[in-house]
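*Asks:* Just a sequence and a predicted model for now, questions to come.
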Amino acid sequence: MPFTPTIAYRVSLAAGLLLLAVVVYSALLPAMTMCGGLDPSYQPIVAFELARSVSDLQAIFGSAPGACRDAVVAQFTYINMADDLLFIPLYGIFLVFFFLASHARHQKLAITGVVLVVLACLADYIENACLFRITQNPDVPSYSLALLPWATGVKWMFLAIPGALAGYILSLRGGWRWIIAGLTIAGAVIVALAMADPASFGRYAASGVTISWAIILIADAIGALRTAPSAQT
């Protein structure tokens, strides 16, 4: 069977639905209890990823070793392992195959999207390696803490920019679809603000990416129902 846009949409859709299941499962788990003064509205794993100083870390891990910190470290270790083994591969497949399905519509943007997503996945693995090392001693500055902003910045922006590219590609048929481009660009702006000022906007970073991922998932569902090899969403 020849590789067609419809097949690519279906692969992306399958990965996207599994990704959604992982997100829903994670949301149903009991909330993590932080040992410091982290704002309860700030998602702990995002706060950890966007930590820039020892004080940021102590808002999560507390100011001294103890049973609370040990429990938080164990939870973050589990989350990072699940991220490495499940979440990163799933979102990588989800996004890459969407752009493969979109190749016929805008070749250069589709290729750019694939490259940026692959780089985002690699940066995510580097980020997780930094997070793992930081949990071993969050009370002192470290090389891993210095590297973390670069890894997280690349990861989040290289997920946000492909989201905006996807929105633009989907809007090429004109009409009301310009709204899609506007929404995904707005999502990318939210992520950019979060990277520029994590203290004020970091808690909204995941929402910025979610906007484009939700739109891509809908586009996948529509494209997966098409049977013509050259069909486009």
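*Replies:* That came through fine.

*Asks:* Report the buried residues of the least confident helix or strand in the chain by mean pLDDT.
*Replies:* Every helix and strand in the chain was compared by mean pLDDT, DSSP states H and E; the lowest is helix 198-201, with a mean of 90. Residues 198, 201 are the ones in helix 198-201 that count as buried (16 or more other Cβ atoms under 10 Å). Backbone N, C-alpha and C define where each C-beta goes, glycine included.

*Asks:* What is the lengthiest helix in the chain packed up against?
*Replies:* In the chain, with assignment by DSSP state H, the single longest helix is helix 107-136. Applying 3 or more Cβ pairs under 8 Å, 6 or more residues apart in numbering; DSSP states H and E, one finds that helix 107-136 makes contact with helix 44-49, helix 67-82, helix 88-101, helix 143-170.

*Asks:* hmm, back to that, could you pull up the mean pLDDT of the helix or strand just after the least confident helix or strand of the chain?
*Replies:* Heading C-terminal from helix 198-201, the first helix or strand you meet, by DSSP states H and E, is helix 205-225. Averaging pLDDT along helix 205-225 gives 95.

*Asks:* contacting residues for A181?
*Replies:* 164, 167-168, 170-171 (Cβ atoms under 8 Å, 6 or more residues apart in numbering).

*Asks:* Hmm, I typed the wrong one, I wanted G16.
*Replies:* Contacts of G16 by Cβ under 8 Å, 6+ apart are 94, 213, 216-217, 220.

*Asks:* of these, buried ones?
*Replies:* Buried, going by 16+ other Cβ under 10 Å: 94, 213, 216-217, 220, out of these.

*Asks:* ok so, going back, just the CA coordinates of the least confident helix or strand of the chain, formatted as PDB?
*Replies:* In PDB, the C-alpha atoms belonging to helix 198-201 read as follows (Å, rounded to 0.1, in the frame of the first residue of the first chain):
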ATOM      1  CA  PRO A 198       8.400  32.300  33.500                       C
ATOM      2  CA  ALA A 199       7.500  33.900  36.800                       C
ATOM      3  CA  SER A 200       4.500  35.800  35.200                       C
ATOM      4  CA  PHE A 201       3.500  33.600  32.300                       C
END
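
*Asks:* Need the residues that contact that helix.
*Replies:* 50-52, 190, 193-194.

*Asks:* pLDDT weak spots in the chain?
*Replies:* 1-2, 227-233 (pLDDT under 70).

*Asks:* Repeat the analysis, applying 90 as the threshold.
*Replies:* 1-4, 26-34, 36-43, 63-64, 103-105, 173-177, 199-200, 225-233 (pLDDT under 90).
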